[in-house]
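Asks: this one's sequence-less:
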């Protein structure tokens, strides 16, 4: 009855068009919403063969990586990933914090006008270009200056090179969110603190940073998840040797590099294919977990306020 | 003791200033070092020829195949992502505008998807490809890359449509237009400059990403000849040829890098322009 009324009102042509468009929109939305599940389930199905044959603990903590004889220990790769990610965050974190404070609290308007395009361009530069830059600048620098300075001889293709390149790649991402967070701290709070006689820096330390601590932590969480999955740039400078690294000046072999380097060759051995899909699954799960954690933190503090 | 707090502030202000400078410096260093290597290698022969004698060993020829391939791939992927993304963004802001909780959930899922690394999309795309019996091809690449940029394009357009005033929606509906007409004739038209910005940004992502196409597009010495054929792309042209021991081949990689940097800079400039146009013409209520 309602439909007939609608048709009368709109005319059949317009009614059908409206229905058609709404249907198409709905279909697209459902498709996009299902995508994360399809991704997860697809990866799980593909890596199912490996998980069936090996215990999960074995896979994660075994150091033996011999695909030809069916031994898949992801430990060296996971440890490499952790090293690179942690080091990158240690470099990028302080730089981003300091810059974000400078830009939101001290800097003149025109500095922000310069910095915005700079951040945008940094964010837009493809990762393979960062890789080229790493090979041209960072790797020789480590091998010729930084390594000898610490008394190490290295080729320069090290965890540290990967971490530096990665740090610069995640800086625009972290910086953008941090600026947003600091802007959202109400001015009244800072004004109250200043009115009580605190200096600008004390206000920043005790009001601004304290107020935005949860935001900062969740931003770093997002930064970690971004850094964890970065592939090409890291792969180009990190050395790719499957050993458990024990220092910044050692070569490493992070998980994404493992997938990227071996895909294509693995098709002849079915369990190898499955192992690489398992590596992708680990990445997927880690990224999802860190994202969930970061968002949950944001939502909780929003409610609290 | 009283002086301490001023010294501390001084110290941190210098540190903050330095770290800001560092970021600007690094950007210039990246662009400079890539162009320094790439510009001398860039010549008319380089951008008008395909590699001769194999892209890994041949000393002659250029990178035309990679430039054209990258454009085909990115245009195709951006178009596909747009066809799926635009309806979603409109649906969220015209149909679901009252359901705040649902909207937040959708945005959360999109951000989650955005965070998934491109190598995971690459592996997934490869699995799909095998499942449907496709070979490495332009089509497989387009599908994979479009999956990867769909969340970016939707969130970009969502931000634009979110800023269209509610009054416009209400007046359009009260004049008797259907929601779909409101979507395409009011919202889309209102936000067109912003939509173009979102398209450009996703195009930039698509043309620069290597990890998602590593297994799906393959690589070839020839010009792209069809959807079902493998295709060369700029990021992979850099990635593969840089590891070659032959200097002439490496030059092709550096030239590709310079071209890619130019493209990215142009995109950044254009998107800034369109974003300004959008903000200037925005209706205020």
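Replies: Ah, there it is. Here the structure is a predicted model, which means the values were calculated and not measured.
Asks: Near the nearest residue to residue A:67 once chain neighbours are set aside, how many other residues are there?
Replies: Nearest non-adjacent residue to residue A:67, counting by C-beta to C-beta, 6 or more residues apart in numbering or on different chains: residue A:272, 4.6 Å away. In this view, the C-beta of every residue, glycine as well, is placed from N, C-alpha and C. Using other C-beta atoms under 10 Å in any protein chain shown, the number of residues around residue A:272 comes to 19.
Asks: cool, the one 10 residues further on as well?
Replies: Applying the criterion other C-beta under 10 Å, we find 22 residues in the vicinity of residue A:282.
Asks: got the buried residues for the helix or strand where it lies?
Replies: Using DSSP states H and E, residue A:282 maps to helix A:270-304. Using 16 or more other C-beta atoms under 10 Å in any protein chain shown as the test for burial, helix A:270-304 gives A:271-284, A:286-288, A:290-291, A:293-295, A:297-298, A:301.
Asks: what are the ranges of the helices in the stretch 101-250 of chain B?
Replies: Using DSSP state H, counting those that start in this stretch, the helices of the stretch 101-250 of chain B run over B:118-131, B:138-162, B:166-174, B:179-181, B:188-190, B:192-208, B:234-242, B:247-281.
Asks: Ok, which of those comes nearest residue A:19?
Replies: helix B:179-181 (8.4 Å; C-beta to C-beta).
Asks: Quick check: closest non-adjacent residue to the closest residue to chain B within the stretch 151-300 of chain A.
Replies: The nearest approach of the stretch 151-300 of chain A to chain B comes at residue A:229, 2.3 Å away (C-beta to the nearest C-beta). Nearest residue to residue A:229 in three dimensions, chain neighbours excluded: residue B:117, at 2.3 Å (C-beta to C-beta, 6+ apart).
Asks: contacting residues for the residue most central in space within chain A?
Replies: Computing the C-alpha centroid of chain A and ranking residues by C-alpha atoms, centre = their mean puts residue A:226 first, at 0.3 Å. Taking C-beta atoms under 8 Å, 6 or more residues apart in numbering or on different chains as the contact definition, residue A:226 lies against A:170, A:173, B:115.
Asks: Helix or strand: which one has it?
Replies: With DSSP H and E as the criterion, residue A:226 is inside helix A:213-228.
Asks: Over to residue A:153?
Replies: With DSSP H and E as the test, residue A:153 turns up in no helix or strand.
Asks: just checking, it touches residue A:147?
Replies: Yes: with contacts counted by C-beta atoms under 8 Å, residue A:153 reaches residue A:147, the gap being 6.3 Å.
Asks: So which of those two has more stuff around it?
Replies: residue A:147 (18 against 8).
Asks: The more buried one - that's part of a helix, no?
Replies: Yes: using DSSP: H, G, I helix; E, B strand; the rest coil, the assignment for residue A:147 is a helix.
Asks: contacting residues for the closest residue in space to it that isn't next to it in sequence?
Replies: Excluding the flanking residues, the one nearest residue A:147 by C-beta to C-beta, 6+ apart is residue A:154, at 4.5 Å. Residues near residue A:154 by C-beta under 8 Å, 6+ apart: A:142, A:143, A:147, A:249, A:250.
Asks: Where does the record place the domain boundaries for chain B?
Replies: Domain ranges of chain B: B:2-41, B:46-281, per automatic domain parsing.
Asks: what residue ranges in the stretch 151-285 of chain B score low on pLDDT?
Replies: Residues of the stretch 151-285 of chain B meeting the criterion pLDDT under 70: B:284-285.
Asks: How about the residues of it by chain A?
Replies: B:151, B:154, B:178-181, B:183-184, B:201, B:204, B:207-211, B:214-215, B:235, B:238-239, B:242, B:253-254, B:257, B:260-261, B:264-265, B:267-268, B:272 (C-beta under 8 Å from any C-beta of the partner chain).
Asks: now those residues: which count as buried?
Replies: Using 16+ other C-beta under 10 Å, the buried members of those are B:151, B:154, B:178-181, B:183, B:201, B:204, B:207-211, B:214-215, B:235, B:238-239, B:242, B:253-254, B:257, B:260-261, B:264, B:267-268, B:272.
Asks: how about stretch A:59-75: buried residues?
Replies: A:59, A:62, A:65, A:67, A:72, A:73, A:74, A:75.
Asks: Excluding chain neighbours, what is closest to the fifth one?
Replies: In this case it means residue A:72. Residue A:72 sits nearest to residue A:275 (C-beta to C-beta, 6+ apart), 4.5 Å away.
Asks: can you tell me which residues contact the one you found?
Replies: Per C-beta under 8 Å, 6+ apart, neighbours of residue A:275: A:47, A:50, A:67, A:72, A:266.
Asks: can you rerun that using 10 Å?
Replies: Neighbour list for residue A:275: A:47, A:49-50, A:54, A:59, A:65, A:67, A:70-72, A:74, A:258-259, A:262, A:266, A:269 [criterion: C-beta atoms under 10 Å, 6 or more residues apart in numbering or on different chains].
Asks: SS state for residue A:243?
Replies: Going by three-state DSSP: residue A:243 is coil.
Asks: Could you tell me how many residues sit around the closest residue to it other than its chain neighbours?
Replies: Nearest residue to residue A:243, sequence neighbours excluded (C-beta to C-beta, 6+ apart): residue A:76, at 5.8 Å. Using other C-beta under 10 Å, residue A:76 is surrounded by 21 other residues.
Asks: quick one: which helix or strand includes residue A:76?
Replies: Going by DSSP H and E, residue A:76 is part of helix A:75-101.
Asks: got the angle for the helix or strand that comes right after that helix vs helix B:192-208?
Replies: Going down the chain from helix A:75-101, the next helix or strand is helix A:109-124, by DSSP H and E. Between helix A:109-124 and helix B:192-208, the angle comes out at 50 degrees (axes from the mean of the first three to the mean of the last three C-alpha atoms, to 10 degrees).
Asks: Where does pLDDT dip in the stretch 1-150 of chain A?
Replies: A:68.
Asks: Nearest spatial neighbour of the residue in it that chain B sits nearest to, chain-adjacent residues omitted?
Replies: Proximity of the stretch 1-150 of chain A to chain B (C-beta to the nearest C-beta) peaks at residue A:126, 2.5 Å away. Distance criterion C-beta to C-beta, 6+ apart; nearest residue to residue A:126, sequence neighbours excluded, is residue B:208 at 2.5 Å.
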